[in-house]
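**Student:** everything below, folded, please.
(chains A, B and C)
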Amino acid sequence: MREILFGYGIFAMYYVIAINTIYLTIILFSFNKVSSILKGTLYSKYQSLSGSKNVPPISVLVPAFNEELTIIENVRSLLALHYPKYEVIVVNDGSSDKTVEVITKEFNLKYFAPSSIEKKVETAEVRGIYYNPNYPNLYVVDKENGGKADSLNAGINLSNYPLIASIDADSLLEKDALIRMARKYMENPEQNVAIGGNVRIANGCKIENGVVKDVNLPKKLLPMLQTVEYMKAFLGGRIGWSKVNGLIIVSGAFGVFRKDYVVEVGGYRGGYPGEDMNIIIKLHRHMLDNKLPYKVEFVPDAVCWTQAPDSFKILGSQRKRWGRGNLKNMIDEGRHMFMRPRYKIMGLLTIPYNIIFETLSPYFRITGLLALIGYTMMDMTGWKILLAFSLVNIAYGTLLGLGSLLIEEIAFQRFPKVRDFFKMLGYTVLMFFGYRQLGILWRFLGQIDYFRKNNTWGTMTRTSWNAEDNKSA
Amino acid sequence: MFFNLQMAYWVVYGLLAIMGILTIVIMGIKFRNARNQKKTEESLQNFQSYLDYVQSQLDEEDRLRTPNQKVGDFDKKVLQKVLIDWIQRLSGVHRDKLITLCHDLGLIDFNLKRIKSFSEFKRLDAAYYLGSMRSSKAIPHLFKMLKKNKEGSEAFIIGRSIAQAADEPKDVKEMLTYLAKEERNNYHLLADIAGESTLDLRVQYKQLLTSENKELVKLALLGLSNQTDSGMDSNVRNYVYAKDKEIRMNAVQLLITSGAWTSNDIKKMLHFNDSDVRAFVAQWIGDSGVVQFADQLREGVKDSDKIVARTCAKSLLKLGETGFIKLCDVTVQNEGQPVADLALECIQEDLKESSVQTGNIEHVTSYNQKLYLYQKYFGKDEGLTQAI
Amino acid sequence: MAQSQHVGSRIVKTFNHFLHYYQESKLACGVIIVRADLNEKELENLQSYMEQEEPKVGAQFSYDQSEGLLGILLDDCNIGYTHFYSLFIKDYLEQQGCLKGSLLVGSFPESSDHAEQMLFSMIWEMMDKPQDQHTIELFQYDRPSKQCNRSILLVDSDESVLEILSSFLRGKGYDVHTAQDGKEGLNQFEKIVPELVITEINLSALGGYQFINQVRDSEAATQIMVLTNKHLEEDMKRTFEFGVSEYMTKPFSLIEIETRMKKLLEHSM
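**Tutor:** Residues are numbered from 1 along each chain as shown, chains lettered A, B, ... in the order given. Predicted coordinates for the structure are as follows:
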């Protein structure tokens, strides 16, 4: 019995080391790419590009559910983006509050019947469109409740332009975020089917008139931990994954897509969270099935600020949703691509990594930890092994965090203070004492939710997705 | 399972050591940045009076004088950044004056030296500044750099510099041809880059029209559309029938905007067998408000393609009162048919839009006129009046 | 005038008949007034330093001990060169630790129609200046015919544009105010109600169109001019519908913008 427990515990340890080693490889790819990103951003003229005739127009889709308090400020700030030609499409997802009333009153919008909408993708019933020629690039779509994915689909149906940007109603775009994405897109419009932006945590920053004025680290514990976590996932992870064209997710908070391909893959999938990951997997699959050259890009200098949940309850429900969404995506899509050479990096690396090291990780980690604890309880002399296990784990993880901090320091320097660096480093270590474990537990609970609710999940339930999937770590 | 406690400790030590190194590197970068910033501030402080002089004497006839202080390499970097920021925002004599000043300050030679540096970053930095300073001396170096960089954003940055610095149109053409050889459909970006050049590129574009590379054809069509030139050759006319939709649309746009098409040509295009072209032409008529095509638009409302029909109706409404009446006629004459519904819907939408549009007195009178006409045709519509 | 006789009497006395001569014969001259603390030796050193650095210029120095002011008269120099010359003066005096305040630069006939009066005004202006700043300032126009007091508000998030344009327009005698985003622009607008607003369309906080809309709704007699990165025809069309009088794109020519401004302001008079 003891030997079995011990053996399994050690296996779990190697499992964690393997995750970290893959992550390290990805970070190395990130380093490789960061210098070219830096060159591109330093010497591009965003000022003149933001008024150029040659930049493609973008439809900015803003799904909104019960946002009456913040929607006006958000729309105002979206209308003030620096970009040549774009439209803002707010999609009200059958809010139970006065989201539509508030916004139509503020901008004096008039009701129009939705007859001109071309149904490229199926959606819940659209009640009407609101518009005012004084704000020619603002549309509000009012529709029955159908979830976030459904709202994005309704936005796609109304949109007039070939590119769409999906944006969370509660997040804030920097004024040149769109033009930075567009520059990347313009370099290779044929192949860049999706481009992700960088999501940063706004808690603690000074925000004035919809603009982040002073960048500060959050003061509270949970947002601070998420800041470090996001930085690691976005800078360390996504830059590298995009380098090998194996990016599996473009955050729902901020991404730009080619509309024609999104329509070709049937639009966003509703009913489950994780539609942001789902659309990317579908795009990968579609392009690879049809043998079309393509890229899913990531532009770390296009920044979207978001408010991170600061209570355990909200964070927990967000992470449970991610867990559920991730599982659903792997069952629906990932399964078909797993270890299939025709799906290249996606099939051979990204999907296996996600299934083995993300989706299944709660099982390995929790049982592994239990085994080691059980072993140690039986034989107190084993505490050293447990300690060594933890130390290797923490040191390796911290190293990866440091790698991301180095990328931040090389390319972006949003936190120039020495004190901020040590604070972030401290929280990188702190993450391993409780937060990590909690995250794994939440993911596990999310998967339980999936199995329990799977059959009874009706599409008619009102869904709230206020702090929905910004990313999955 | 293999497990060695001793080795685990060694691994931890190893990781800690790497972490230590990374921390030192990060602190080093922070320190370097802080020092650079301090040095920049000092240098700016030093040259503040001089820069003030440049700014306030920019409008004088005299050539701007170089500073009496010693300008070190670091100062040069600081000064060129400030001067380029100004140069990029200006055009005309003042910009030329600042460029001459860059020359007098020795900034061109400074960057010509740096463009041969071993550091990639320095080379790119120098290329960027040489482009902005319109230094034609840098062209051979820039081409050498361009051809070394096969992919990534760098190639476009260097391309931009070539467009700015070139004093021969053929250099711009060579750069564009090079950047387009992968056929990635990024001709919009190339057009933007070519737009940096102050040279007349018409001849070059016309040569590109016959290129094998579709990308270059699109670029040429787009580039020519920014220039007015009635002498469009038959190549462009043939491209209206091209397989590639973008070539087709660009050709149509060019033919319309350059004035190469007569009004008869345009009328014919509203019956062209490609619906994209029809929609495009209808849209253009509305946007440019050419009332003489009102009858053609009225027929277009009956188009079998829904998008074309709608575009025609919307464009009619942009033609003012004439268009409005014509659309009302369509509704009345085709009662009971889908065309009438579409037309009526567009009319009502237009009325609603006009009702909220704030603006000058013209808007108000035109709205009242339209409302009057509407009631004459359709009577007082309770629903609509309420909605308004 | 009577007041001016009292101050800087030494400088005035030394330069007066020269200025009178320049005035009469319509020849150009530059004047620099500096607050400095010098003894005779130091003054001589300064003079010989300048002769060495810029030997071609005929320069006269006059120092008034009691006022602590140094006057320099440059023969046949325009404002551009006089300004440049003052850079040497400032550098040298700063190195010697003799500079005690700012420098004021003017020239005849560019800065003033009246050479003697210009000197009085310059000295008078120097008396009021705080002594802790070591900056070079240009003597502003005192002619009523110039564009003084015509207030202009520049709104642009691009600092370089604000810098170049405000320096240029101030040099032309306009009263220039700046703002970096739409909200700030609106606040400034309500405070000063300028005669002309020059704005970008790409603005943060409050978008350019909303800003223009609010300015127009205020029903002030303000003219609006757009200076923007946006090269799209739609924008031009739309801004004109919004009541904007001029539309210019960047990069822009200072001469063109001034011409257009003049035309607008003449109309509004």
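**Student:** which residues of the stretch 251-400 of chain A lie near chain B?
**Tutor:** Taking CB under 8 Å from any CB of the partner chain, the part of the stretch 251-400 of chain A that reaches chain B is made up of A:384, A:385, A:388, A:389, A:391, A:392, A:395, A:396, A:398, A:399. All C-beta atoms are positioned from the backbone trio N, CA, C, and that covers glycine.
**Student:** wondering if the helix or strand containing residue C:216 reaches chain A at all.
**Tutor:** Counting by DSSP states H and E, the element that carries residue C:216 is helix C:208-217. Yes. Applying CB under 8 Å from any CB, one finds helix C:208-217 touching chain A at C:208, C:209, C:210, C:213.
**Student:** got a list of what the third one touches?
**Tutor:** By that I understand residue C:210. Counting by CB atoms under 8 Å, 6 or more residues apart in numbering or on different chains, residue C:210 makes contact with A:76, A:79, A:80, C:182.
**Student:** gap between the residue minimising distance to the centre of chain C and residue A:153?
**Tutor:** Taking CA atoms, centre = their mean as the criterion, residue C:171 is the residue nearest the geometric centre of chain C, at 3.6 Å. Note on residue C:171: its distance to residue A:153, by CB to CB, to the nearest Å, is 57 Å.
**Student:** may I have the phi/psi pair for residue B:334?
**Tutor:** Note on residue B:334: backbone dihedrals following degrees, to the nearest 10 are phi -110, psi 30.
**Student:** that one against residue B:344, yeah?
**Tutor:** No. With contacts counted by CB atoms under 8 Å, residue B:334 stays clear of residue B:344, the gap being 10.1 Å.
**Student:** tell me which of these two has more neighbours.
**Tutor:** Between residue B:334 and residue B:344, counted using other CB atoms under 10 Å in any protein chain shown, residue B:344 has the larger neighbour count: 21 against 16.
**Student:** OK, contacts around the more buried one?
**Tutor:** For residue B:344, the set of contacting residues under the criterion of CB under 8 Å, 6+ apart consists of B:331, B:378.
**Student:** try 6 Å this time
**Tutor:** Each residue near residue B:344 by CB atoms under 6 Å, 6 or more residues apart in numbering or on different chains is listed here: residue B:331.
**Student:** okay, it: pLDDT?
**Tutor:** At residue B:344 the predicted local confidence, pLDDT, stands at 88.
**Student:** ditto for residue C:4
**Tutor:** Note on residue C:4: pLDDT of 45.
**Student:** for residue A:402, give its distance to residue A:33.
**Tutor:** Between residue A:402 and residue A:33 the distance is 18 Å, computed by CB to CB.
**Student:** okay, the two: which has more neighbours?
**Tutor:** residue A:402 (25 against 21).
**Student:** give me phi/psi at the one residue in the stretch 1-150 of chain C that gets nearest to chain A?
**Tutor:** Using CB to the nearest CB, the closest approach of the stretch 1-150 of chain C to chain A is made by residue C:150 at 28.1 Å. Its backbone dihedrals place residue C:150 at phi -80, psi 110, with angles given as degrees, to the nearest 10.
**Student:** is it correct that it is in contact with residue C:174?
**Tutor:** Yes. Assessed by CB atoms under 6 Å, residue C:150 is found in contact with residue C:174 at 5.3 Å.
**Student:** higher neighbour count, those two?
**Tutor:** For residue C:150 versus residue C:174, neighbours defined as other CB under 10 Å are more numerous around residue C:174 (23 against 20).
**Student:** report the buried members of the residues of the stretch 251-400 of chain A next to chain B.
**Tutor:** By neighbour count, with 16 or more other CB atoms under 10 Å in any protein chain shown, these hold A:385, A:388, A:389, A:391, A:392, A:395, A:396, A:398, A:399 as buried.
**Student:** in helices, which of those appear?
**Tutor:** Judged by DSSP state H, the subset of these located in helices is A:385, A:388, A:389, A:391, A:392, A:395, A:396, A:398, A:399.
**Student:** can I get those in TSV with pLDDT?
**Tutor:** What follows is these, written out as TSV (pLDDT from 0 to 100):
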residue	pLDDT
A:385	78
A:388	84
A:389	79
A:391	90
A:392	89
A:395	94
A:396	93
A:398	95
A:399	95
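**Student:** can I get these in JSON lines including distance to residue B:82?
**Tutor:** Output for those, formatted as JSON lines (distance: CB to CB, whole Å):
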{"residue": "A:385", "distance to residue B:82": "62"}
{"residue": "A:388", "distance to residue B:82": "57"}
{"residue": "A:389", "distance to residue B:82": "56"}
{"residue": "A:391", "distance to residue B:82": "52"}
{"residue": "A:392", "distance to residue B:82": "51"}
{"residue": "A:395", "distance to residue B:82": "46"}
{"residue": "A:396", "distance to residue B:82": "46"}
{"residue": "A:398", "distance to residue B:82": "42"}
{"residue": "A:399", "distance to residue B:82": "41"}
